[in-house]
Structures are given as structure tokens and as C-alpha cells.
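Trainee: Predicted structure and sequence below. I'll ask about it afterward.
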There are 4 protein chains.
Amino acid sequence: MIKVIVNGAKGKMGMETVKAVQKESDLALVGQTDMGDDLVQAIKDKSAEVVVDFTNPQSVMSNIRAILNAGAHGVIGTTGITENDLHEIRELCEKNRVNCLIAPNFAIGAVLMMQFAQAAVKHMPSAEIIEFHHETKVDKPSGTALRTARLMGGKVPIHSVRLPGLVAHQEVVFGGLGQTLTIRHDSLSRESFMPGVILAVRKIKGLKGLIHGLEAIL
Amino acid sequence: MIKVIVNGAKGKMGMETVKAVQKESDLALVGQTDMGDDLVQAIKDKSAEVVVDFTNPQSVMSNIRAILNAGAHGVIGTTGITENDLHEIRELCEKNRVNCLIAPNFAIGAVLMMQFAQAAVKHMPSAEIIEFHHETKVDKPSGTALRTARLMGGKVPIHSVRLPGLVAHQEVVFGGLGQTLTIRHDSLSRESFMPGVILAVRKIKGLKGLIHGLEAIL
Amino acid sequence: MIKVIVNGAKGKMGMETVKAVQKESDLALVGQTDMGDDLVQAIKDKSAEVVVDFTNPQSVMSNIRAILNAGAHGVIGTTGITENDLHEIRELCEKNRVNCLIAPNFAIGAVLMMQFAQAAVKHMPSAEIIEFHHETKVDKPSGTALRTARLMGGKVPIHSVRLPGLVAHQEVVFGGLGQTLTIRHDSLSRESFMPGVILAVRKIKGLKGLIHGLEAIL
Amino acid sequence: MIKVIVNGAKGKMGMETVKAVQKESDLALVGQTDMGDDLVQAIKDKSAEVVVDFTNPQSVMSNIRAILNAGAHGVIGTTGITENDLHEIRELCEKNRVNCLIAPNFAIGAVLMMQFAQAAVKHMPSAEIIEFHHETKVDKPSGTALRTARLMGGKVPIHSVRLPGLVAHQEVVFGGLGQTLTIRHDSLSRESFMPGVILAVRKIKGLKGLIHGLEAIL
């Protein structure tokens, strides 16, 4: 049994993760924490081995420091982590001999979209990313769009559409002589992220240090 | 037989219009003019009754003045005409007792898209227009996108995608509680505009003054 | 207060309707019935004025007979009702002096899609309907697709895609010379139907006999 | 200079290929043949090294026999070739020590779509192919759709839409828990195929026997 704490457990993604962890017979949900709780204390009290973090860009780095310094592995779905942050996380992993997986998107279809976009841009270099999210989404562009652009070499324009009714969608459009290629991912419910999260919780112990992107463990 | 001059006859839309006019047994193509030609002289020499103009935003107003002051009716597909310009065109029509049809898009499908967008926005007020054109298109946003936004009440964001391989495409996305509605038009060849242009050439004589949008004559 | 029974209350749409009715201060939820319950008895015991039915194609006609003969108005979202059934429902309404609204889709965006498809087919007669639903959907094609085709004059091919991950989506594609027009509706959650259902519950008393399609009350 | 004959030179794809070959300084167009011409004689008279064939499913196999038996390499864009035909072509290549590239689609974007579909189906096994072509297309489903399905393991449903205004489009939709992934290719003009055709003409001499799919030479 792997002992798991869900941090951000009252948020929408956190609640979904709580349900998903409870369904798995090889995972034990030993804590649900949120803003105001002492995460370090919870990790120590419950001997938690893995913390899943779905919180917000403002608090994610202090959460990661807490998790890794307390000796737990991190599975981080929160966006807003910068290149500089990645350096710090790598060092925290080494110092504490723990692992940390950072993924902007845990949906398998989104990971495939990013891989295909990275492959296509070599043959069709003119491209644009358009991401569509519900109008209450805080960050813009989305973490998935930023990561896609980085994988594509960084010079791809990103446009963000924010409308009610949308969930989480992204399309990457490539233009070439007389043709276009479009790769689109639609997340229609938070369930779509759970197989990826559970896979990460199971594998994190056996990985090495900082891992960026779900694709590394597929 | 209606006597027709095509102005901008060496451009892509102009060439297509020349071919389309030549195919119709009730239309006589009496002139093909372009930059450097004396349009007023051509209208008078050939007693042209209708001038179709597919030129560019920089010269369109001086072309319209030439056409209407020379006593011909205008069918204008060139974009870049402002609200102020419309006032001037209206006066030129009255003064010269001629008619002028301004349409940002002569494709019937595009006209339907604009009408539907205008109808939908009353029930689903959150919307965005995304237009897609080949990377050599001069103006941005497209005339069709601007007109769509105006028909929708003016406060709709417009995003312009410019990529090789694209022709002329637009989608209007509406978001509501738990749902989205998308209206998309794809012009895949310049042929798509010709039925609308020919219809306008045939009807312009019987209209009254300034007419804005192909929908007025459908 | 309008007294409402939800029939099919344990189904997914029924549960959503129960929640939606409970939120409205001018509606009283006086019963939740499902297979095995005596619907007629429930209507009489609770003096229910309106019954909302989200059940299945096999039982919908016997439910409608029960509702109307017991003197309640019907708001029917269940699909599978035939032309012959409509005749019978019309007569039941007259005989019992009650009203019945039948709608294959209560989402406002879907109603707009159907109206626009009906308008577009006059100008662009070549068209196809493609509807996309989760792989557990029982009927095929969907009630919305059938109704769209009927509104378009009946001769439109319908293709049904059934895949996991899909919710309820439909697109109507029109082809013309050098162009296509696409009208697409995506229902991403059952919430999308609730404003239409609640509107129907409020208005049904003031309508006349059989009403087909939500568009009649918008 | 590579000596090239275009067979089917009066067809739409043939005409485009003639233009494309003429533009390249390392290729010499030594013949344009069509139905009624003696292809074998033309190959021998002109010492043609490569024949590009864009004809029709009925005549493609007799054309291939003529090309390979006359000692020329074949670049075949015509569809309608069966598994049995592939065996025969393989033997003809060996017997005559020539090479033959069969590609259902020479557009780079279409090749990427097929590769990505093949990769995605391993992670998201529920899928459907929808292909869209102008209503005059003879074969159904398209060669590209058939090849995509074969690459995906063969059990994928294919739906064919035929409407005026369409050119050549295909989308592959994958459904998974709470999500969908869509890969779409749009060929908006025949130009899109030319870079692939020219690449094949240049490389065919250095290949080995039968090659299936443009992806083998990218």
C-alpha cells in the first residue's frame, strides 16, 4: 500500500483525486489537506510517501518545498512553475533523495497531442496553438499550451479563448503548401486526468529526481 | 445585356470575376482595368453600367468616387471601408443617382454565418470570432470578421490566424452553461464568391443607393 | 408554486432535473418516480400539475398516456417518439385539456443549431448531419439528429459516431460551390439542458395542446 | 537529369504534376501520356527512368505492369490497389530490378496524420475515421482512409462524407475516459501533393523494390 496525501483536497481537481485514490486497492489515502493545514505535519504524522498537489500558481512552490523537504515524493498537477523553479526542484530532489513529477496535463490524449505537435513542427514549421477554457480559469495561457510551445521550439504563437461552457481544449494548427494539419484535444471531464495521476502515484518511487511531463512514464 | 467593367482585373479575385462575367450570356464584359488605367475614361468610352471593384484598401475609396461620379453603379468586394466612408458613399449615390453595393464577403455561406451569428448572440452573449487566412493577407482582422462583430453588437473579441495553406475561414464560437455553439465557414476557392458577385451585378440597377452586405439582395 | 413530479428520477437526466427544480423558488418538487412506481397514483396523491419525463424510448408512450390522462401537463425529454405517437398525444391533450411539450433537446444552443440548419438548407441544399455521443447511448441516430433532418426537409444523411469520452455533440455540414458551412453544437454537461427544462415547466400551463420543440417557447 | 513521364497527364493531378516536374532543374519531363497512348513505347522511345501515375483504379494495375516491365521505376498516386496487387508488384519489381513507390497520399500532413493515428491507437483504442471529399470522387472510402485504418490495426470504422465544396479532408477521432483526441488533415489544393511527388521521383532510384507509403522516404 502506498500512503498518499492529496493537497488542495477541497478544489475541483483535488476532490476528483481523492475519489480516484480511494478506488484503488493498492493506494491508501492517509490525508486530505488544503490551505490553512500544516502539510509538513500531516506528511510526518501519517508517514505519507506521496503527495499529489492540485493547488494554485501562487502556493505551488512553497508546497513543493514542504513536500520534498519532509521526505515525500511529489506528483504536481498545479501550473505556474517557471524554468527557475525547475532548477530549485531538481536540487531539492537531490538533497532529500526524493522524486518529483511535474505535469501540466495528466490526460493521456493531451500528452499525445504534445508529442505529435513536437514531431509535426519539424516538417511543418508554421503553426499556432489555440487553447479554449472556461471563463473562470485563472492563468492564461494554460500550462499545457506553454509546455506544447516549449516542446515545439518556443516560437509558436498561443491564443487563449475564455468562454462559459468550455472545459479544457487545445488545438495546434500547422499550415503548409496547400494543406493544414490540426491536432486537437478535448478534456470533457476531470475524470480524464485520473488514470494519469494514479499511474504517476504508483511509479514516482521508482523514478529518478525531477521528471517533467507525463510522457516520461508512459 | 448589362455592360460591366472589372476593376483590379489582374488581381486574383479580379481574374476570377472576369471569367465569371464572360460565362454569363446577359452580361457584356466591356473593360478590364487595373492600377495605372484611367477608370473614368474607360467607363465613359464603353458606356459601362456596372463596375466590379476588387482592388485594395488603399485605393478603394478613390475608385468608388471615380465609379459613382462617372455615373456607373458599383459592386465593391474590396475591404477596408470605414463608417465615415459609408457616409460619403451614401451621398455620392444620391448626388449621382446611382447605386453601390459594398460586401465584405460574397460567399453565400459566409452571409449565412453572419446572419446566424447575429441571431445567436441574443441567446448566447459570450462569444469570440476566430478567422483564419493565408499568411500573405494584407489586412487583419478580415473585413468579414469586422462585419460579423458589428452585426453581433460590436463587443466580440476577434482573433486572426495567419498560416500558409489556409484560404479563407472563420468560426464564431458561443459559450453557454454546459454547452458551446460553433458556426464555421470555409471558403476553399475563389469560385465560392462568384455566384454572389454575378447576382449583385444583375440586381444593382434595381436597388436604392448604398446597400451594405450581400444579405440585402438574397 | 407549480407542483412538479420528475419521472425517471434515478436516471442521469432525472437526477439533474431534480436538483434544478429544487433550486427554483417558484417550483415545488412533489415527487420523484421511476420504473416500478405508480405514476398515476403519485400525480393524484400530490396534485402534481407538471410531470417532467426523462425515461427511455420503450416506456415513454405509456408514461405520456399516464401523465395526460391523470390530468397533468407533460414536459417530455425522452426520445423515440414517432409521427404516429404525435397524433395520439395531440388527441390525449385535447381530450384531457392538458398540454404536452416534446423536445428532443432542451439546450438552447441545440435549438439554435436546428433553426440555422433549417434556414441554411434553402440556400445550400447539399448537407450531412454527423452526431457524436458516448458509446453507451441506446438510440441511434439521436432524437436531435432526426428532428434536425426533419426540419431540413427529410432527405439529409445522418451519421452516428459512438465513442467513449464523448458527451453529446452534433454538426451539420453544408457544401456549396468552393465553400462549406458547418454548424456545431457541443453539450459538455447535463447542466446545459436545465434552463430549457425549467422554462418549459414554467410555461407549459399557458400553452395550447401539443408543442413540438423548445423553439416554440423561446 | 532524371527523365520522367507523367501518365494520366490530362487529369487534374496529372496536370499539376506536369507543372511541378517542369519547375525542377534536375528533372526532365520527357513525356505526357494518357488513355489511348502506348505507355511502353513512350518509356522506350524516351528512355524514361521514372513514370508518375495518376490515373484511375480500373487501369492502375495494367499501367504498373507496363511501367515496371518496360524497365522504369514507378511513383504511383492512383488508389484502388489491393493486398493481392501488392504481392504482384513486389514480384514485378524483383523480376525487372526496378522500384515502385505506392502512396495513397503524397501530402506531408496526411502522412503525419497517419503516423500519429498509428501511434495514438495504442493508448486510445476506440476510434473512428471520417473522410470528406467532393461529391465527384469515384472511390469510397478514400485510399488514405483505408491505409490509415490498416496502419491502426484494421478494426476502425470509416465514414465517408461526399459534398460539393469539399476538397480532400480526413479526421481521426479517438475517445477515452472523459476526453477525445482528434487528428485532422485538410488538403485545400492539389499543390499540397507536389513536394511529396517530387521527393519520390528523386529518391525512387535509390530505394529497394516495393515501397508502401511516403513515410518510408521522409
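Mentor: Cool, got the structure. Given the structure is predicted, the values throughout are model-derived calculations rather than measurements.
Trainee: tell me the domain ranges of chain A?
Mentor: Following automatic domain parsing, one finds the domains of chain A at A:2-102+A:191-217, A:108-187.
Trainee: start to end distance for the last one?
Mentor: End-to-end distance for domain A:108-187: 10 Å, by Cα to Cα, to the nearest Å.
Trainee: Is chain D within reach of it?
Mentor: Yes: interface with chain D: domain A:108-187 contributes A:108-110, A:112-113, A:115-116, A:119-120, A:123-124, A:174, A:176-187 (Cβ under 8 Å from any Cβ of the partner chain). Any C-beta I mention is one placed from the backbone N, CA and C, and that applies to glycine too.
Trainee: What of the first one?
Mentor: Yes: using Cβ under 8 Å from any Cβ, domain A:2-102+A:191-217 comes into contact with chain D via A:Glu191, A:Ser192, A:Phe193, A:Met194, A:Pro195.
Trainee: mind checking which of the domains of chain A is nearest D:Leu199?
Mentor: Comparing the domains of chain A against D:Leu199 with Cβ to Cβ, the closest turns out to be domain A:108-187 (11.5 Å).
Trainee: That closest one near chain C at all?
Mentor: Yes: part of domain A:108-187 sits close enough to chain C to count as contact by Cβ under 8 Å from any Cβ, namely A:Gly165, A:Leu166, A:Val167, A:Asp186.
Trainee: who wins for most neighbours among these?
Mentor: Greatest neighbour count in the residues of domain A:108-187 next to chain C, by other Cβ atoms under 10 Å in any protein chain shown, goes to A:Asp186: 28 neighbours.
Trainee: What helices and strands are in contact with whichever helix or strand it is part of?
Mentor: Element membership for A:Asp186 (DSSP states H and E) is strand A:179-187. Judged by 3 or more Cβ pairs under 8 Å, 6 or more residues apart in numbering or on different chains; DSSP states H and E, strand A:179-187 is in contact with helix A:108-120, strand A:168-176, helix D:108-120, strand D:179-187.
Trainee: now the first one against strand D:168-176, angle please.
Mentor: It refers to helix A:108-120. Between the axes of helix A:108-120 and strand D:168-176, defined by axes from the mean of the first three to the mean of the last three Cα atoms, to 10 degrees, the angle is 140 degrees.
Trainee: can you list the residues that contact helix A:108-120?
Mentor: By Cβ atoms under 8 Å, 6 or more residues apart in numbering or on different chains, the surrounding residues in contact with helix A:108-120 are A:105, A:127, A:129, A:144, A:147-148, A:151-152, A:170, A:172, A:174, A:181, A:183-187, A:192, A:195-196, A:213-215, A:218, D:112, D:115-116, D:119-120, D:123-124, D:174, D:176, D:179-181, D:183.
Trainee: Which residue, neighbours along the chain excluded, lies closest to the residue located most distally from the centre of chain A?
Mentor: Here chain A has its C-alpha centre computed as a mean, and the residue farthest from that point, by Cα atoms, centre = their mean, is A:Gly178 with 36.1 Å. Of all residues not flanking A:Gly178 in the chain, D:Ser192 sits nearest, at 3.3 Å (Cβ to Cβ, 6 or more residues apart in numbering or on different chains).
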